[in-house]
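Q: whatever this is, show me its structure:
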Amino acid sequence: MTKKGANEHQHSRVMEEELAAQLRKALQTLRHSIPIFLFVREGFNDAYNDVARKTIQAFSQLSEKIEFKEFSLDHKLAEKWEVLYTPTILFDPDRYSIRWLGAPVGEEGRTFLEALFLLGNRDSMLSDQSRKIMKEIDGPRHVKVFVSPTCPYCPQQAVNAFKAAVHNPEWISLELIDIQSNPDLADRYNAHSVPQTWANETLIAMGAQPEELFLASLLKMEEQTIYIPEDDAEVVEADLVIIGGGPAGLTAAIYGVRSGVKTVLVERGMLGGQITTTPIVENYPGFSQVGGRTLVDIMVAHALEYAKIFQGEEVMEIQPGAPMIVLTNRRKFITKSVLVATGATYRRLNVPGENRLSGRGVSYCSTCDGPLFKDKKVIIVGGGNSAVTEALHMKNIGVEVTLAHRRGTLRAQEHLVENLTTNNIPILWDTEVKEIRGDQKVTEVLLYNNKTGKTSSLAVEGVFIAVGYDPEVRLAKQIGIELTPEGYIKHDSRHRTNIPGVYSAGDVEGGFKQIVTAAGQGAEAALSIFEDLIHPYWLDKDSVAASGS
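A: Have a look, this model is predicted:
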């Protein structure tokens, strides 16, 4: 081993020891023992069996509260608890009906850790509003949540389900199903996009939800898209409320607090925005290459050193004024200014079959859903950096990929295009997807060549759509913020909108849609807000207008 290699190995070992020490200290807070039973069948899913075994063993060595036992699937306890799949993890089965079909690896390692705290303290940690919803559930709910170790959104939904099962073990049972180790179950439920939640064999949610929406969906037995609390929640006062936890919002939070502005950030979904689903980020300053999730973790950890973050809360309404009121699904914020950094959402093709087969072969996230299509044929639609990056990622994990682009040249960066050629990924030029076909899942696409005018069909099992993004401007429209002809928020050079005290930053403004530019805009907006709170520009305008000068 070279000296450099030895140093890197030593650094890695020190980091592992520090992490273990931190986990050991955190797990000391557990008040109750957690019996964990692992059931395996040798010769089946051995890689997952081994990962599950090693993961649980590692945690059991950090806390005497974690009691680990392993059994074969032919053991009498497997029959008693009706365990059929390998690996299966049961958590305190005499108290709870919670089982994990798969291994707590990748993103799901976070779920496993949070589950230990919920189970070890026998406390669901549900909000007051969530507890009220739970009281209304008056019958059994057998919950299945389909997840993937590569899906950054899955832990949010999985933890929601764990909380419900811990809070009411009489009514709520839970199966957490890893689609990679259980592809047969994924096919049976057409769970080709994750997270996906079923209750009593009824699909109740596609994607991750805030806690209250998850429980409302569980109560109503159908997906709920809005939740309004029955009464006022906690009131938080601030100088600045940032809406959106992508790179623009996180950077603005850092710069806001460092400028002396009392700042809070509200994010309804996953912190990090689109970065969380980007397999590899290239050429972000300081990193030639870095995993999207890794970069997000660094940003979030930095922002948390400064600002209070309210994750899993959706802003329902903004009331401009002095002060402004920001209402979420949990509480009220009273603030002097608002920064809208809501980013953009995946653009849809709007073709027949897209909505019907969404989650059944149609996907917008290769990081989340790509592994399920290993050794299968898929088509990726798009011609920009995102489409090419996803094509390369999926090729790398063993998916048979074809790229379809409506033009004769790609818009992606040159080195990415060169990698397409190097990896022998075929490209259908001047080609548009006109229809996505299939009964229960995708089986083929109807293609149209806009140069020759000919149509053809292509047999595929997956359609991954990467044709750009639409700005998330619902709140902006709600309060009358002016938009550009392209639908982005209109702003001046200091990120001010037409509404005094309301600012914007990041992809919601349009522009280059790069992580580094979004972060820069967040910093600029925070500094502008700091200066404007000291010298409100709108008051100066009013004074000028009143004087007639």
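
Q: show me which positions of stretch 433-442 end up buried.
A: Applying a neighbour-count criterion of 16 or more other CB atoms under 10 Å, one finds 433, 435-438, 442 buried in stretch 433-442. In short, each C-beta sits where N, CA and C put it, glycine included.

Q: strands along the stretch 151-300 of the chain, start to end?
A: Along the stretch 151-300 of the chain, the stretches classed as strands by DSSP state E, counting those that start in this stretch are 172-178, 196-199, 202-206, 235-243, 263-267, 280-284, 287-291.

Q: count of neighbours near Thr478?
A: Quick fix: residue 478 is Gln, not Thr. If you count neighbours by other CB atoms under 10 Å, Gln478 ends up with 12.

Q: now Ala391
A: Other residues near Ala391 come to 29 when the count uses other CB under 10 Å.

Q: tell me where the stretch 51-200 of the chain has helices.
A: Listed from the start of the chain, the stretch 51-200 of the chain has helices (DSSP state H, counting those that start in this stretch) covering 76-80, 108-121, 128-136, 154-167, 183-188.

Q: the second one vs helix 154-167, what angle?
A: Here helix 108-121 runs at 20 degrees with respect to helix 154-167, directions being taken by axes from the mean of the first three to the mean of the last three CA atoms, to 10 degrees.

Q: and what of the third one?
A: Per the same axes, to 10 degrees, the angle that helix 128-136 makes with helix 154-167 is 60 degrees.

Q: outline the domain layout of the chain.
A: 24-220, 235-345+470-545, 362-467 (automatic domain parsing).

Q: so Ile325 sits in a strand?
A: Yes: counting by DSSP: H, G, I helix; E, B strand; the rest coil, Ile325 falls inside a strand.

Q: who's it bridged to?
A: When bridges are called by DSSP bridges, Ile325 pairs up with Gln319, Ile334.

Q: can I take it that Ala476 is in a helix?
A: Yes: if the criterion is three-state DSSP, then Ala476 is within a helix.

Q: that older thread, same list (the domains of the chain) but as TSV, adding distance to Val351.
A: Conversion of those to TSV gives the following (distance: least, CB to CB, whole Å):
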stretch	distance to Val351
domain 24-220	17
domain 235-345+470-545	16
domain 362-467	6
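
Q: can you lay out the ones you listed as TSV showing distance to Pro352 and mean pLDDT?
A: What follows is the domains of the chain, written out as TSV (distance: least, CB to CB, whole Å; pLDDT from 0 to 100):
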stretch	distance to Pro352	mean pLDDT
domain 24-220	18	94
domain 235-345+470-545	20	90
domain 362-467	5	93
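
Q: and Leu219, which of the helices of the stretch 51-200 of the chain is closest to it?
A: Among the helices of the stretch 51-200 of the chain, the nearest to Leu219 by CB to CB is helix 128-136 (5.5 Å).

Q: how about the residue sitting nearest the centre point of the chain: what's its closest non-neighbour residue?
A: The geometric centre of the chain, computed from its C-alpha atoms, lies nearest to Tyr153 (CA atoms, centre = their mean), at 3.0 Å. Once flanking residues are discounted, Tyr153 sits nearest to Ala208: 4.1 Å by CB to CB, 6 or more residues apart in numbering.

Q: now do the strands in the stretch 1-150 of the chain.
A: When assigned using DSSP E, counting those that start in this stretch, the strands of the stretch 1-150 of the chain occupy the ranges 34-40, 66-72, 88-91, 98-101, 141-147.

Q: before we move on, back to that, of all the buried residues of stretch 433-442, which comes closest to Val315?
A: Closest to Val315 out of those is Ile436 (32.9 Å), distances taken as CB to CB.

Q: would you put the C-alpha positions of stretch 215-223 in CSV?
A: Provided in CSV are the C-alpha atoms of stretch 215-223 (Å, rounded to 0.1, in the frame of the first residue of the first chain):
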residue,chain,number,x,y,z
LEU,A,215,-51.9,9.6,8.3
ALA,A,216,-54.8,11.4,6.7
SER,A,217,-54.3,9.1,3.7
LEU,A,218,-54.2,6.1,6.1
LEU,A,219,-57.5,7.4,7.7
LYS,A,220,-59.4,8.0,4.5
MET,A,221,-57.8,5.0,2.6
GLU,A,222,-57.0,7.2,-0.4
GLU,A,223,-54.3,9.6,-1.2
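
Q: buried ones in the helix or strand encompassing Glu317?
A: With elements delineated by DSSP states H and E, Glu317 resides in strand 315-319, which encompasses its position. Of the residues in strand 315-319, those with enough neighbours to count as buried (16+ other CB under 10 Å) are 315-316, 318.

Q: how about those residues in TSV, adding distance to Leu240?
A: Output for the buried residues of strand 315-319, formatted as TSV (distance: CB to CB, whole Å):
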residue	distance to Leu240
Val315	14
Met316	19
Ile318	13
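
Q: picking up where we left off before, and the contacts of the strand holding Glu317?
A: For strand 315-319, the surrounding residues in contact (CB atoms under 8 Å, 6 or more residues apart in numbering) are 226, 228, 243, 266, 268, 324-329, 338, 475, 478-479, 502.

Q: return the distance of the closest residue to Leu119 other than its chain neighbours relative to Val473.
A: Spatially, and ignoring its direct neighbours in sequence, Leu119 is nearest to Ile34 (4.9 Å; CB to CB, 6+ apart). Computed with CB to CB, to the nearest Å, the distance linking Ile34 and Val473 is 45 Å.

Q: same thing with Glu282?
A: Separation of Glu282 from Val473 (CB to CB) stands at 29 Å.

Q: which two among the buried residues of stretch 433-442 are spaced furthest apart?
A: Farthest pair in these (CB to CB) is Val433 and Gly438. Separation: 13.1 Å.

Q: what residues are shared contacts of these two?
A: Common contacts of Val433 and Gly438 (CB under 8 Å, 6+ apart): none found.

Q: state the number of residues packed around the closest residue to Asn182 other than its chain neighbours.
A: Taking CB to CB, 6+ apart, and ignoring the residues beside it in sequence, Asn182 has Leu101 as its nearest neighbour in space, at 5.3 Å. By other CB under 10 Å, 24 other residues sit near Leu101.

Q: what do you get for the one 5 residues further on?
A: Neighbourhood size, Gly106 [other CB under 10 Å]: 21.

Q: with Arg356 instead?
A: Residue neighbour count, defined by other CB under 10 Å, stands at 12 for Arg356.

Q: that one: what secondary structure?
A: The assignment at Arg356 comes out as coil when based on three-state DSSP.

Q: how much space separates it from Val381?
A: Arg356 sits 17 Å away from Val381, taking CB to CB as the criterion.

Q: give the contact list for Glu418.
A: With contact taken as CB under 8 Å, 6+ apart, Glu418 is in contact with no other residue.

Q: quick one: it is in a helix?
A: Yes: residue assignment for Glu418, taken from three-state DSSP, places it within a helix.

Q: how close does it get to Ala322?
A: Counting by CB to CB, the gap from Glu418 to Ala322 is 55 Å.

Q: before we move on, what about Asn350?
A: 41 Å.

Q: now for the residue lying closest to Ala248 once chain neighbours are set aside, how many residues are close by?
A: Spatially, and ignoring its direct neighbours in sequence, Ala248 is nearest to Gly506 (2.9 Å; CB to CB, 6+ apart). Residues near Gly506, counting by other CB under 10 Å, number 35.

Q: with Val83 instead?
A: The tally of other residues near Val83 (other CB under 10 Å) stands at 24.

Q: contacting residues for it?
A: Listed by CB under 8 Å, 6+ apart, the contact partners of Val83 are 39, 73, 77, 90, 99.

Q: one more time with 7 Å, if that's ok
A: Residues near Val83 by CB atoms under 7 Å, 6 or more residues apart in numbering: 39, 73.

Q: surely Ser127 meets Arg330?
A: Yes: with contact defined as CB atoms under 7 Å, Ser127 and Arg330 form a contacting pair (6.4 Å).

Q: is Glu461 in contact with Val442, as I believe?
A: Yes: in this structure Glu461 lies within contact range of Val442 using CB under 7 Å: 5.9 Å.
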